[in-house]
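Enquirer: Here you go, sequence then predicted model.
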Amino acid sequence: MRLLEAAFPDDPALDTALSRAVMFRVARGELPETLRLARPGRAIAFSKRDLVSPGFGPAVRAARDAGFEPIVRLAGGRAAVFHEGTLELAHAQPDHDPRAGIQERFEATARRIERALAGLGVDARIGEVPGEYCPGRWSVNAGGRRKLAGLGQRVVAGASHTGAVIVAGGEDVVRDALVPVYAALGLDWDPLTVGAVGSDWDVLRDALVAEYARDHELEPAALDEDTLALARRLAGEHRA
(Lines give C-alpha, C1' and ligand atoms only; values in the text may rest on other atoms or scores of the structure.)
Protein backbone atom coordinates (compact mmCIF):
# COMPACT_ATOMS: atom_id res chain seq x y z
CA MET A 1 0.00 0.00 0.00
CA ARG A 2 1.28 3.47 -0.91
CA LEU A 3 1.94 5.91 1.94
CA LEU A 4 1.41 9.47 0.79
CA GLU A 5 2.18 12.47 2.97
CA ALA A 6 1.67 15.32 0.50
CA ALA A 7 -0.38 18.22 1.86
CA PHE A 8 -1.48 21.73 0.92
CA PRO A 9 -1.94 23.54 4.24
CA ASP A 10 -2.12 26.92 2.48
CA ASP A 11 -4.97 25.74 0.24
CA PRO A 12 -7.40 23.59 2.27
CA ALA A 13 -9.81 23.11 -0.65
CA LEU A 14 -7.02 21.67 -2.78
CA ASP A 15 -5.93 19.53 0.16
CA THR A 16 -9.41 18.00 0.42
CA ALA A 17 -9.61 17.62 -3.35
CA LEU A 18 -6.36 15.65 -3.26
CA SER A 19 -7.95 12.90 -1.15
CA ARG A 20 -10.89 12.82 -3.55
CA ALA A 21 -8.59 12.66 -6.57
CA VAL A 22 -6.70 9.73 -5.05
CA MET A 23 -10.00 7.93 -4.44
CA PHE A 24 -11.11 8.44 -8.05
CA ARG A 25 -7.79 7.23 -9.46
CA VAL A 26 -7.81 4.17 -7.18
CA ALA A 27 -11.36 3.43 -8.37
CA ARG A 28 -10.20 3.53 -12.00
CA GLY A 29 -7.26 1.22 -11.29
CA GLU A 30 -4.74 3.98 -12.04
CA LEU A 31 -3.34 3.91 -8.51
CA PRO A 32 -3.07 1.11 -5.94
CA GLU A 33 -4.51 1.27 -2.43
CA THR A 34 -3.26 4.47 -0.81
CA LEU A 35 -3.00 5.74 2.76
CA ARG A 36 -2.51 9.47 3.18
CA LEU A 37 -1.34 10.96 6.48
CA ALA A 38 -1.01 14.74 6.32
CA ARG A 39 -0.76 17.88 8.43
CA PRO A 40 -3.50 20.26 7.24
CA GLY A 41 -3.85 24.01 7.44
CA ARG A 42 -6.59 25.88 9.30
CA ALA A 43 -9.98 25.05 7.83
CA ILE A 44 -13.53 24.33 8.88
CA ALA A 45 -14.94 21.56 6.73
CA PHE A 46 -18.69 21.84 6.21
CA SER A 47 -20.88 18.95 5.15
CA LYS A 48 -23.61 19.01 2.53
CA ARG A 49 -26.14 19.09 5.38
CA ASP A 50 -24.47 22.26 6.64
CA LEU A 51 -24.64 23.83 3.18
CA VAL A 52 -28.46 23.73 3.19
CA SER A 53 -28.76 25.11 6.74
CA PRO A 54 -30.29 28.62 6.99
CA GLY A 55 -27.28 29.52 9.12
CA PHE A 56 -24.66 28.45 6.61
CA GLY A 57 -23.80 31.97 5.46
CA PRO A 58 -23.25 33.28 9.01
CA ALA A 59 -21.31 30.09 9.82
CA VAL A 60 -18.94 30.72 6.91
CA ARG A 61 -18.40 34.28 8.09
CA ALA A 62 -17.76 33.03 11.63
CA ALA A 63 -15.17 30.57 10.29
CA ARG A 64 -13.36 33.29 8.37
CA ASP A 65 -13.52 35.68 11.32
CA ALA A 66 -11.80 33.00 13.41
CA GLY A 67 -9.02 32.64 10.83
CA PHE A 68 -10.23 29.40 9.25
CA GLU A 69 -10.86 28.73 5.57
CA PRO A 70 -14.37 27.34 4.99
CA ILE A 71 -14.38 24.26 2.75
CA VAL A 72 -16.78 21.50 1.74
CA ARG A 73 -15.77 18.16 3.20
CA LEU A 74 -15.46 14.91 1.30
CA ALA A 75 -17.53 12.74 3.64
CA GLY A 76 -20.75 13.33 5.60
CA GLY A 77 -21.26 14.48 9.17
CA ARG A 78 -21.27 18.10 10.33
CA ALA A 79 -18.69 20.89 10.49
CA ALA A 80 -15.26 19.78 11.68
CA VAL A 81 -12.03 21.64 12.35
CA PHE A 82 -8.62 21.11 10.79
CA HIS A 83 -5.53 22.93 12.00
CA GLU A 84 -1.80 22.39 12.26
CA GLY A 85 -2.23 20.36 15.46
CA THR A 86 -4.54 17.83 13.79
CA LEU A 87 -3.66 14.82 11.68
CA GLU A 88 -5.57 14.09 8.51
CA LEU A 89 -5.98 10.41 7.59
CA ALA A 90 -7.34 9.33 4.20
CA HIS A 91 -7.44 5.68 3.14
CA ALA A 92 -8.48 4.91 -0.45
CA GLN A 93 -9.20 1.25 -1.19
CA PRO A 94 -10.21 -0.44 -4.44
CA ASP A 95 -13.47 -2.36 -4.04
CA HIS A 96 -15.92 -3.68 -6.62
CA ASP A 97 -18.76 -3.46 -4.06
CA PRO A 98 -17.74 -0.67 -1.66
CA ARG A 99 -21.13 -0.22 -0.01
CA ALA A 100 -21.08 -3.74 1.39
CA GLY A 101 -18.00 -3.03 3.49
CA ILE A 102 -18.89 0.35 4.99
CA GLN A 103 -19.27 -0.79 8.61
CA GLU A 104 -16.28 -3.12 8.37
CA ARG A 105 -14.05 -0.25 7.18
CA PHE A 106 -15.34 2.08 9.87
CA GLU A 107 -14.56 -0.46 12.56
CA ALA A 108 -11.13 -1.36 11.17
CA THR A 109 -10.09 2.30 11.01
CA ALA A 110 -11.47 3.12 14.45
CA ARG A 111 -9.70 0.10 15.95
CA ARG A 112 -6.39 1.15 14.43
CA ILE A 113 -6.73 4.66 15.80
CA GLU A 114 -7.78 3.28 19.19
CA ARG A 115 -4.71 1.01 19.36
CA ALA A 116 -2.37 3.78 18.21
CA LEU A 117 -3.65 6.15 20.89
CA ALA A 118 -3.59 3.46 23.57
CA GLY A 119 0.07 2.93 22.73
CA LEU A 120 0.61 6.61 23.51
CA GLY A 121 -0.92 6.18 26.95
CA VAL A 122 -4.43 7.38 26.15
CA ASP A 123 -7.53 5.68 27.59
CA ALA A 124 -8.84 5.42 24.04
CA ARG A 125 -12.34 4.13 23.40
CA ILE A 126 -14.60 3.89 20.39
CA GLY A 127 -18.00 5.54 20.55
CA GLU A 128 -19.87 8.81 20.53
CA VAL A 129 -19.45 11.12 23.51
CA PRO A 130 -22.78 12.74 24.45
CA GLY A 131 -22.73 16.33 23.21
CA GLU A 132 -19.70 15.93 20.93
CA TYR A 133 -19.23 17.99 17.77
CA CYS A 134 -19.81 16.17 14.46
CA PRO A 135 -21.21 13.16 16.37
CA GLY A 136 -20.60 9.67 15.09
CA ARG A 137 -20.79 6.05 16.22
CA TRP A 138 -17.15 5.48 15.27
CA SER A 139 -15.63 8.49 16.98
CA VAL A 140 -12.60 7.75 19.16
CA ASN A 141 -12.57 9.37 22.58
CA ALA A 142 -10.55 9.60 25.78
CA GLY A 143 -12.18 7.87 28.73
CA GLY A 144 -15.67 8.31 27.32
CA ARG A 145 -15.49 12.06 28.00
CA ARG A 146 -13.60 13.89 25.26
CA LYS A 147 -13.63 13.35 21.52
CA LEU A 148 -10.20 12.89 19.96
CA ALA A 149 -10.98 11.67 16.44
CA GLY A 150 -13.88 11.72 14.04
CA LEU A 151 -14.36 9.37 11.10
CA GLY A 152 -16.19 9.70 7.79
CA GLN A 153 -16.56 7.65 4.66
CA ARG A 154 -17.31 8.16 0.96
CA VAL A 155 -17.86 5.47 -1.67
CA VAL A 156 -17.80 5.62 -5.46
CA ALA A 157 -18.00 2.90 -8.07
CA GLY A 158 -14.83 0.88 -7.64
CA ALA A 159 -13.42 2.36 -4.42
CA SER A 160 -13.97 3.72 -0.95
CA HIS A 161 -12.47 6.58 1.02
CA THR A 162 -12.27 6.29 4.79
CA GLY A 163 -11.12 9.48 6.44
CA ALA A 164 -10.39 10.73 9.94
CA VAL A 165 -9.19 13.86 11.65
CA ILE A 166 -7.32 13.27 14.91
CA VAL A 167 -6.52 16.11 17.31
CA ALA A 168 -2.92 15.70 18.46
CA GLY A 169 -2.92 19.02 20.31
CA GLY A 170 -4.66 22.37 20.36
CA GLU A 171 -8.11 21.33 21.52
CA ASP A 172 -8.71 24.93 22.54
CA VAL A 173 -8.26 25.96 18.90
CA VAL A 174 -10.94 23.46 17.85
CA ARG A 175 -13.30 24.55 20.61
CA ASP A 176 -12.93 28.28 20.04
CA ALA A 177 -13.48 27.93 16.30
CA LEU A 178 -16.55 25.73 16.61
CA VAL A 179 -18.46 27.72 19.23
CA PRO A 180 -19.57 30.53 16.85
CA VAL A 181 -19.87 28.21 13.85
CA TYR A 182 -22.19 25.76 15.60
CA ALA A 183 -24.17 28.64 17.06
CA ALA A 184 -24.73 29.98 13.55
CA LEU A 185 -25.78 26.54 12.31
CA GLY A 186 -28.14 26.10 15.26
CA LEU A 187 -26.42 22.92 16.44
CA ASP A 188 -26.43 21.96 20.12
CA TRP A 189 -23.21 20.56 21.53
CA ASP A 190 -20.98 20.65 24.61
CA PRO A 191 -17.65 22.44 24.06
CA LEU A 192 -16.19 20.55 27.02
CA THR A 193 -16.26 17.35 24.95
CA VAL A 194 -13.39 18.58 22.74
CA GLY A 195 -10.16 16.79 23.56
CA ALA A 196 -6.65 16.17 22.25
CA VAL A 197 -4.23 13.27 22.34
CA GLY A 198 -1.59 15.46 23.96
CA SER A 199 1.28 14.15 21.85
CA ASP A 200 3.71 15.57 19.34
CA TRP A 201 2.27 15.43 15.82
CA ASP A 202 5.12 13.28 14.49
CA VAL A 203 4.78 10.83 17.38
CA LEU A 204 1.10 10.39 16.56
CA ARG A 205 1.90 9.95 12.89
CA ASP A 206 4.47 7.25 13.66
CA ALA A 207 2.01 5.41 15.90
CA LEU A 208 -0.56 5.31 13.11
CA VAL A 209 2.00 4.15 10.56
CA ALA A 210 2.94 1.30 12.90
CA GLU A 211 -0.70 0.21 13.17
CA TYR A 212 -1.23 0.15 9.41
CA ALA A 213 2.10 -1.65 8.96
CA ARG A 214 0.67 -4.57 10.93
CA ASP A 215 -1.54 -5.47 7.97
CA HIS A 216 0.11 -3.76 5.01
CA GLU A 217 3.52 -3.33 3.51
CA LEU A 218 3.75 0.44 3.31
CA GLU A 219 5.67 2.02 0.46
CA PRO A 220 6.40 5.75 0.73
CA ALA A 221 5.19 7.53 -2.40
CA ALA A 222 5.44 10.98 -3.92
CA LEU A 223 2.50 12.90 -5.30
CA ASP A 224 2.33 12.34 -9.06
CA GLU A 225 1.43 15.00 -11.60
CA ASP A 226 -1.76 13.29 -12.85
CA THR A 227 -3.24 13.11 -9.37
CA LEU A 228 -2.29 16.70 -8.64
CA ALA A 229 -3.83 17.87 -11.91
CA LEU A 230 -7.09 16.10 -11.09
CA ALA A 231 -7.09 17.56 -7.56
CA ARG A 232 -6.68 21.05 -9.01
CA ARG A 233 -9.70 20.49 -11.27
CA LEU A 234 -11.78 19.29 -8.30
CA ALA A 235 -10.68 21.93 -5.82
CA GLY A 236 -13.33 24.45 -6.84
CA GLU A 237 -16.05 22.04 -5.72
CA HIS A 238 -14.63 22.12 -2.19
CA ARG A 239 -14.48 25.89 -1.77
CA ALA A 240 -17.34 27.12 0.43
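Expert: Arrived safely, thanks for sending.
Enquirer: what are the ranges of the helices in the protein?
Expert: Assigned helices in the chain, in chain order: 12-27, 48-51, 56-65, 102-118, 171-185, 201-213, 225-234 (criterion: DSSP state H).
Enquirer: Throw those helices into TSV and include mean neighbour count and mean pLDDT, thanks.
Expert: (Each C-beta comes from the backbone N, C-alpha and C, glycine too.) Output for these, formatted as TSV (neighbours: other CB atoms under 10 Å; pLDDT from 0 to 100):
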stretch	mean neighbour count	mean pLDDT
helix 12-27	25	98
helix 48-51	16	96
helix 56-65	18	98
helix 102-118	18	98
helix 171-185	20	98
helix 201-213	17	98
helix 225-234	16	98
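Enquirer: Distance to residue 79 added to those, as JSON lines?
Expert: Shown next, in JSON lines, are the helices of the chain (distance: least, CB to CB, whole Å):
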{"stretch": "helix 12-27", "distance to residue 79": "13"}
{"stretch": "helix 48-51", "distance to residue 79": "5"}
{"stretch": "helix 56-65", "distance to residue 79": "7"}
{"stretch": "helix 102-118", "distance to residue 79": "20"}
{"stretch": "helix 171-185", "distance to residue 79": "6"}
{"stretch": "helix 201-213", "distance to residue 79": "22"}
{"stretch": "helix 225-234", "distance to residue 79": "20"}
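Enquirer: quick one, which of the ones you listed is nearest to residue 6?
Expert: helix 12-27 (6.7 Å; CB to CB).
Enquirer: The closest one to helix 225-234, inter-axis angle?
Expert: Interaxial angle of helix 12-27 relative to helix 225-234 (axes from the mean of the first three to the mean of the last three CA atoms, to 10 degrees): 130 degrees.
Enquirer: what's the nearest residue to residue 49 if we skip its chain neighbours?
Expert: In this structure, residue 49 finds its nearest non-sequential neighbour in residue 78, 6.5 Å apart by CB to CB, 6 or more residues apart in numbering.
Enquirer: Tell me how many other residues surround the nearest residue to residue 67 once chain neighbours are set aside.
Expert: Distances taken as CB to CB, 6+ apart place residue 42 nearest to residue 67, at 6.0 Å, with adjacent residues excluded. Neighbours of residue 42 under the rule other CB atoms under 10 Å: 20.
Enquirer: If I look at residue 42, what pLDDT would I see?
Expert: At residue 42, the pLDDT value in this model is 98.
Enquirer: My understanding was that it contacts residue 84; is that so?
Expert: Yes. In this structure residue 42 lies within contact range of residue 84 using CB atoms under 8 Å: 7.1 Å.
Enquirer: who's in contact with residue 13?
Expert: 69, 71, 72, 235, 236, 238, 239 (CB atoms under 8 Å, 6 or more residues apart in numbering).
Enquirer: residues touching the fourth one, list them.
Expert: Shown in contact with residue 235 (CB under 8 Å, 6+ apart): 11, 13, 14, 16, 17.
Enquirer: Distance to residue 111 added to those residues, as a markdown table?
Expert: Listed next are those as a markdown table, based on distance: CB to CB, whole Å:
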| residue | distance to residue 111 |
| --- | --- |
| 11 | 32 |
| 13 | 31 |
| 14 | 31 |
| 16 | 25 |
| 17 | 28 |
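Enquirer: Would you check how far apart residue 221 and residue 104 are?
Expert: The gap separating residue 221 from residue 104 is 25 Å, by CB to CB, to the nearest Å.
Enquirer: oh sorry, the question was meant for residue 15
Expert: According to CB to CB, residue 15 stands 27 Å off from residue 104.
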